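1. Structure here, sequence nowhere to be found:
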């Protein structure tokens with residue numbers, strides 16, 4: 001069962017499927033060591049990673065397991081980053097949420113705006129009960145975004161990741177449909 005990647009509009013953003021023309025912006029984002037300092041994988045050094053990422057997007061859509069969208073500013077079409085709704089499990093009625101933004105977009109509310117739009121789509125499209133998200137415990141900004149969206153801190157995964165020899169912990173956040181419905185009604 002496929003899950004077509006949506007195109008969504010917010011006050012300042014357009015969320016849309018990735019296209020080949022996004023390759024340069026995507027590579028610049030994913031190869032930025034400062035942006036990815038709290039990420040669970042190393043920055044890209046090889047442009048072939050772009051093709052693997054794009055193929056992963058197509059596989060997620062075809063397999064019905066999620067959707068990853070570009071976030072771009074509507075006034076000028078500037079690439080802001082991406083947001084993903086993935087690991088959709090119809091049996092458990094659960095999924096995961098993630099986002100990654102270029103540094104000039106930080107602190108402007110784009111992450112919450114884009115992720116909020118993707119959550120609205122997911123909760124209205126799917127029989128969804130729970131969305132989970134994780135953030136490195138050093139990444140207070142991502143934690144604030146999740147809390148702004150209504151996610152609740154549920155625990156800490158100790159020494160969850162080791163990237164380039166650096167061990168880090170992750171916070172686990174959860175958002176339930178009943179909480180989302182209460183927030184958005």
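-> Looks like it came in fine. Not measured: the values here are computed from a predicted model.

2. Could you measure from the residue of the chain most remote from its centre over to residue 100?
-> The outermost residue of the chain, judged against the average C-alpha position, is residue 165 (24.5 Å), by CA atoms, centre = their mean. Residue 165 sits 22 Å away from residue 100 when distances are taken as CB to CB, to the nearest Å. For every residue, glycine as well, the C-beta is placed using N, CA and C.

3. and what of residue 145?
-> Spatial separation of residue 145 from residue 100 under the definition CB to CB is 12 Å.

4. Looking at these two, which has the bigger crowd around it?
-> Relative neighbour count places residue 145 above the other of residue 145 and residue 100, with 24 against 19, counting by other CB atoms under 10 Å.

5. where does that one land on pLDDT?
-> Predicted confidence (pLDDT) at residue 145: the value is 98.

6. repeat for residue 47
-> For residue 47, pLDDT reads 96.

7. Could you do residue 185 as well?
-> The predicted structure lists residue 185 with a pLDDT of 85.

8. So the residue farthest from the centre of the chain versus residue 171, what's the distance?
-> With CB to CB as the criterion, residue 165 and residue 171 are 22 Å apart.

9. quick one: the helices in the protein?
-> Shown for the chain, the helices assigned by DSSP state H span residues 23-30, 48-63, 110-125, 140-148, 177-184.

10. thinking again about what came up before, tell me who's in contact with the residue farthest from the centre of the chain.
-> For residue 165, no residue meets the contact criterion (CB atoms under 8 Å, 6 or more residues apart in numbering).

11. Against residue 42, how distant is it?
-> When distance is defined by CB to CB, residue 165 is 10 Å away from residue 42.

12. ok, how many other residues are close to residue 2?
-> Neighbour count for residue 2, taken as other CB under 10 Å: 10.

13. measure stretch 134-141 end to end?
-> Length of stretch 134-141, first residue to last, CA to CA, to the nearest Å: 12 Å.

14. who touches it?
-> Outside of stretch 134-141, the residues within contact range by CB under 8 Å, 6+ apart are 38-40, 96, 98, 106-107, 142-143, 146, 156-157, 160-161, 168-173.

15. Quick one, which of the residues you listed are buried?
-> The neighbour-count test (16 or more other CB atoms under 10 Å) applied to the contacts of stretch 134-141 identifies 38-39, 96, 98, 142-143, 146, 160-161, 168, 170-173 as buried.

16. So which of the residues you listed is the closest to residue 113?
-> residue 146 (13.6 Å; CB to CB).

17. So what pairs up with residue 155 in the strands?
-> residue 172 (DSSP bridges).
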